[in-house]
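> what's the 3D shape of this:
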Amino acid sequence: MTKLSWLFFLPDRQIRLSFIISLGLNVASWLIATWVALPFVGKEDFMALHKTIYFGIDWVGPWYDMFFLPLLGLIFIIVNFFISQYIWKNEEKLSHLVSWSTVFLQVFVVVTVVIIARLNI
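Take a look at the predicted model:
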């Protein structure tokens, strides 16, 4: 039994690949968020969480708010994984669309976390 044998219960190669890529992108977003939030832990400083071109930084919050986006991405991975599993037998192409949309969403999560990281460096 290999280390990745738990992935073989996934019904399709496309779903497996999208699941692995989504998890990798989510881990990257967690690592970036941790790297940015670590200097703020234990301090009462606030982090910049949003910036507009008209008002500048308009949303600040505590360090743990940085982990909201990676957590939301993980929830989407889990929900879309079960949805694609459920509809795979009847609609294989729709199942692929759902699983690859998760990768697309994770790319946006990573880009957003990087932008927030750039605000706080």
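> show me where this protein has its strands.
Assigned by DSSP state E, the chain shows strands spanning 47-52, 56-61.
> pick the most deeply packed of those strands.
Per residue and on average, the most neighbours among the strands of the chain fall to strand 47-52, with a mean of 15 (mean count of other Cβ atoms under 10 Å). (C-beta placed from N, C-alpha, C; glycine too.)
> now do stretch 32-43: distance from first to last residue.
19 Å (Cα to Cα, to the nearest Å).
> equivalent analysis for stretch 50-60, please.
7 Å.
> now do the same contact list for the most centrally placed residue in the chain.
By Cα atoms, centre = their mean, the chain has its centre lying nearest to Gly73, at 3.3 Å. Residues in contact with Gly73 (Cβ atoms under 8 Å, 6 or more residues apart in numbering) are 25-26, 29, 105-106, 109.
> now with 6 Å?
26, 106, 109 (Cβ atoms under 6 Å, 6 or more residues apart in numbering).
> ranges for the helices of this structure?
Using DSSP state H, the helices found in the chain span residues 13-37, 68-87, 92-120.
> looking at those helices, which is closest to Val60?
Closest to Val60 of the helices of the chain, according to Cβ to Cβ: helix 92-120, at 9.9 Å.
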